[in-house]
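Trainee: Sharing a model prediction with you, sequence too.
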Amino acid sequence: MESMKSAGTFIEPSSPIVRADHVVKKFGDFTAVNDISFHVLRGECFGILGPNGAGKTTMTRMVYGFSPMTRGRLDVFGLDISTRSRAIKARIGVCQQENSIDPELTVLENLEVFARYFDMPKKEARDKALDLLAFISLDHRRDAPIHELSGGMMRRLVLARALINQPDLLILDEPTIGLDPQSRHQFWERLEELRKKGISMLLTTHYMEEASRLCDRLIIMDQGAILVNGTPKELIRRHVGRDIIEVVDPPDGLREFVRTQNLDHEDLGHRLNIYCNDRGDLYQKIANDFCGEGCVMRTATLEDVFLKLTGRDLRE
Amino acid sequence: MSAIHKASISLRFIRIWQRNLTVYRKSWKISFIPPLLEPLFYLLAFGVGLSSLVGNVRYQGSDISYVRFIAPGLIAISIMYNAFFETTYTSYVRMYYQKTFDAMMATPLSMEEIITGEIVWGATKSLVAATIMLVVISAFGLLSYPECLLILPLALLGGIAFSSIGMLFTGMVANIEMFNLPVFLFVTPMFLFSGTFFPTENLPGWARFLASLLPLTHLANMTRTLGQGNIPLSLLWDAGYLLLFSLIFFPLAVMKMHKRLIK
């Protein structure tokens, strides 16, 4: 891409919806986002993963013009966010992490008042709001006050509100944080439906299950920088392999074996993770020679990649 | 920074005003009660209770009854309270606890428009309160028509002035309890010493000078003069003061809120 650019005939890869170019964000001396570049293609769900404090939210806030950049360039729909934020904001929908549903309005009023911010005519706003309430299965609660809603309903209402202007890009900042499994799955189903309709998404999360299920491509960030990028499958292959053999309380003989065989592994003291690709053979050997129980082989997940790359220390 | 500044202020601030009106209309029956009862309480306490002690007040060269003296002052106080408390406590709740501004910022609205909408809404509440009080006080025959009707546009001007400085405090306080400070050091002294309950002429020279710096002094002077049925040219000086006050504190409030919200 760089070479094409220097040749002067650079053509955007099917014109990205978002294009971040060496974006830097500093708060005083602290660098929250450090030279981040990525692009979100039309119709894809792009994930930004990372532990708490990685800079995910700061990054998305710059994309929707809430937060000015310190350095770099950010284009959304081909428009520069630093000069065209109003035009851009008219075409995006944002699910912020913190609940910002208006508690002084009812469910339906929340959508209608929000539609006004986009200059939507009254009749159109009402129709659209009712459609969206049906979409998020809240049509039976249209006149309910907000404090009567459950956490899951609230998040779905945030989603509906973000869709009121029929956005071309949906920005979701940890959308299912704090939800029970049922509510999360409900929420994901809605997002999958939206994806089928071709809406582009930028999703931040630290739920790996969420990322694997929804994201076409993703980056993993830590301490303001990108560690890796790719599709969930690619990342698993590249950084972990296909399978993981987990051994609880590994005997010393196994540690020795792993070292001499030069196997990719992670030693957590009371547990040993061995990353491998050869399906059952290695597992059979380890299970037979070193441990009877407490030895499991499972398919590698994005969570393994995440923990391997960002470490296991708490981020507090 | 420049990005957000350039978004600047357009008539879109009306959207924020409309949002507040939508919420207000849901509880208007309750919101109407304070401005309806407030003047009645005051007139009862001061008019009936105190005026037998005070008798008449010498104001601008003529003797008027104490009730007639304080009635327009009550309107001025109400204009101040409605604007100031709207853009301090109420705006703070919307900003900090309800994240209403955060949600708005993700739409085509700019931060400047949000703050403008809040300030204009504060002034609107002043106008509503002044209107109700005008009606109530008129029922006691304490105001001269048609001159006193000019109090209504004045309520908007005064409302903008007090909303602006209230919003400035909202941009500055670390938490909601800290509003006690401007209320105690700024609003309460004004309530007492701005010629609302006694003519500032009764104060010693230095205190009179200090009082003349307070916006409520000018607002109370105007509501009273108009309430008495006079429209002297000197009112322009008072109105000019409030205008200048607004022109200083409105941009200051926007700047301070910008600094607070845009990070």
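Mentor: Received it, and whenever you're ready, just let me know what you need. Numbers count the residues shown, from 1 in each chain, chains lettered A, B, ... in the order given.
Trainee: Can you give me the buried ones in the lengthiest helix in chain B?
Mentor: Longest helix of chain B, by residue count under DSSP state H: helix B:111-139. Going by neighbour count (16 or more other C-beta atoms under 10 Å in any protein chain shown), the buried part of helix B:111-139 is B:111-130, B:132-134, B:136-137. Every residue, glycine included, has its C-beta placed from N, CA and C.
Trainee: got the residues of chain A near chain B?
Mentor: Proximity of chain A to chain B is confined to A:27, A:64-68, A:81-83, A:85-87, A:89-90, A:92, A:94, A:96, A:98-105, A:109, A:113-114, A:116-119, A:161-162, A:165 under the rule C-beta under 8 Å from any C-beta of the partner chain.
Trainee: any idea of the mean pLDDT for the longest helix of chain B?
Mentor: For helix B:111-139, mean pLDDT is 95.
Trainee: And stretch A:191-201, by the same measure?
Mentor: Average pLDDT, stretch A:191-201: 93.
Trainee: quick revisit: which strands and helices lie in contact with the longest helix of chain B?
Mentor: Other helices and strands packing on helix B:111-139, by 3 or more C-beta pairs under 8 Å, 6 or more residues apart in numbering or on different chains; DSSP states H and E, are helix B:2-7, helix B:13-26, helix B:33-42, helix B:66-85, helix B:100-105, helix B:151-172, helix B:235-261.
Trainee: That helix: how far from the chain's middle?
Mentor: Mean-position distance between helix B:111-139 and its chain equals 8 Å (C-alpha atoms, centre = their mean, to the nearest Å).
Trainee: re earlier: filter the residues of chain A next to chain B down to the ones in strands?
Mentor: Among the residues of chain A next to chain B, the members found in strands (DSSP state E) are A:27, A:92, A:94.
Trainee: From those residues, keep the buried residues only.
Mentor: Buried, going by 16+ other C-beta under 10 Å: A:92, A:94, out of these.
Trainee: Among the ones in strands among the residues of chain A next to chain B, which one sits closest to chain B?
Mentor: A:V94 (3.8 Å; C-beta to the nearest C-beta).
Trainee: Would you confirm that that closest one contacts A:Y64?
Mentor: Yes. Between A:V94 and A:Y64 there is a contact under C-beta atoms under 8 Å: 5.2 Å.
Trainee: shared neighbours, these two?
Mentor: Residues touching both A:V94 and A:Y64 by C-beta atoms under 8 Å, 6 or more residues apart in numbering or on different chains: A:171, B:106.
Trainee: how about A:E193, secondary structure?
Mentor: Three-state call for A:E193 (DSSP: H, G, I helix; E, B strand; the rest coil): helix.
Trainee: ok, it - contacts?
Mentor: Per C-beta under 8 Å, 6+ apart, neighbours of A:E193: A:F135.
Trainee: roughly how far out does stretch B:83-95 sit from the chain middle?
Mentor: How far stretch B:83-95 lies from its chain's middle: 13 Å, per C-alpha atoms, centre = their mean.
Trainee: With stretch A:263-277 instead?
Mentor: The answer for stretch A:263-277 is 27 Å, by C-alpha atoms, centre = their mean.
Trainee: Just the buried residues of that stretch, please?
Mentor: Here stretch A:263-277 shows A:265, A:272-276 as buried, counting by 16+ other C-beta under 10 Å.
Trainee: List just the nearest of those residues to B:M222.
Mentor: Nearest to B:M222 among the buried residues of stretch A:263-277, counting by C-beta to C-beta, is A:N273 at 78.3 Å.
Trainee: contacting residues around the spatially closest residue to that closest one that is not a sequence neighbour?
Mentor: Closest residue to A:N273 apart from its sequence neighbours, by C-beta to C-beta, 6 or more residues apart in numbering or on different chains: A:E266 at 4.5 Å. Residues near A:E266 by C-beta under 8 Å, 6+ apart: A:272-273, A:275, A:308.
Trainee: Can you identify the element that follows the particular helix or strand that has A:E266 in it toward the C-terminus?
Mentor: Counting by DSSP states H and E, the element that carries A:E266 is strand A:265-267. Using DSSP H and E, the helix or strand that follows strand A:265-267 in sequence is strand A:271-276.
Trainee: List the buried residues of the next helix or strand after that following strand.
Mentor: For strand A:271-276, the succeeding helix or strand toward the C-terminus, using DSSP H and E, is helix A:280-289. The neighbour-count check on helix A:280-289 (16+ other C-beta under 10 Å) flags A:282-283, A:286-287 as buried.
Trainee: thinking again about what came up before, let me know the distance separating the residue nearest to A:N273 from A:Y275.
Mentor: Going from A:E266 to A:Y275 by C-beta to C-beta, to the nearest Å gives 8 Å.
Trainee: likewise A:Q223?
Mentor: Remark: distance between A:Q223 and A:Y275 (C-beta to C-beta) = 24 Å.
Trainee: swap in A:L111?
Mentor: 48 Å.
Trainee: ditto for A:D80
Mentor: Counting by C-beta to C-beta, the gap from A:D80 to A:Y275 is 43 Å.
Trainee: Please apply the same query to B:R19.
Mentor: Counting by C-beta to C-beta - B:R19 and A:Y275 are separated by 54 Å.
Trainee: by contact count, what packs against the helix or strand hosting A:L172?
Mentor: Taking DSSP H and E as the criterion, A:L172 maps to strand A:169-173. Counting contacts by 3+ C-beta pairs under 8 Å, 6+ apart, strand A:169-173 is packed against helix A:56-63, strand A:92-95, helix A:151-162, strand A:200-205.
Trainee: Show the contacting residues for residue 205.
Mentor: In the absence of a named chain, this looks at chain A. A:47-49, A:172, A:174-176, A:211.
Trainee: go on, A:L172?
Mentor: Here A:L172 is in contact with A:95, A:159, A:162, A:191, A:201-205 (C-beta under 8 Å, 6+ apart).
Trainee: can you do 7 Å?
Mentor: Residues near A:L172 by C-beta atoms under 7 Å, 6 or more residues apart in numbering or on different chains: A:95, A:201, A:203.
Trainee: quick check, nearest of these to chain B?
Mentor: Of all the contacts of A:L172, chain B sits closest to A:C95, with 9.0 Å by C-beta to the nearest C-beta.
Trainee: quick one: low-confidence ranges for the chain?
Mentor: Since you didn't name a chain, this refers to chain A. Scanning chain A for pLDDT under 70 picks out A:1-14, A:279, A:292, A:314-316.
Trainee: switch to chain B, that's the one I care about
Mentor: Across chain B (using pLDDT under 70), the flagged ranges come out as B:1-7.
Trainee: go again using 90 as the cut-off
Mentor: Residues of chain B meeting the criterion pLDDT under 90: B:1-10, B:27-68, B:140, B:195-203, B:263.
Trainee: Tell me which residue lies nearest the centroid of it.
Mentor: In chain B, the residue lying closest to the centroid (C-alpha atoms, centre = their mean) is B:M80, at 2.5 Å.
Trainee: Please report how far that one lies from A:G43.
Mentor: Applying C-beta to C-beta, the value for B:M80 to A:G43 is 55 Å.
Trainee: same deal with B:L219?
Mentor: 59 Å.
Trainee: could you give the angle of the longest helix of chain B to helix B:151-172?
Mentor: Following axes from the mean of the first three to the mean of the last three C-alpha atoms, to 10 degrees, one obtains 140 degrees for the angle between helix B:111-139 and helix B:151-172.
Trainee: what's the angle from helix B:111-139 to helix B:66-85?
Mentor: Using the same axes, to 10 degrees: helix B:111-139 against helix B:66-85 is 160 degrees.
Trainee: hang on, isn't A:V247 packed against A:G253?
Mentor: No. With contact defined as C-beta atoms under 7 Å, A:V247 does not reach A:G253; the gap is 11.2 Å.
Trainee: Look at these two and report which has more neighbours.
Mentor: Neighbour comparison, A:V247 and A:G253: the larger count goes to A:V247, with 23 against 11 (by other C-beta atoms under 10 Å in any protein chain shown).
Trainee: Please identify which helix or strand holds the more buried one.
Mentor: Judged by DSSP H and E, A:V247 forms part of strand A:243-248.
Trainee: What are the contacting residues of the helix or strand following that strand?
Mentor: Next in sequence after strand A:243-248, counting helices and strands by DSSP H and E, comes helix A:252-261. The contact list for helix A:252-261, computed with C-beta under 7 Å, 6+ apart, reads A:247, A:265, A:272, A:274, A:286, A:290.
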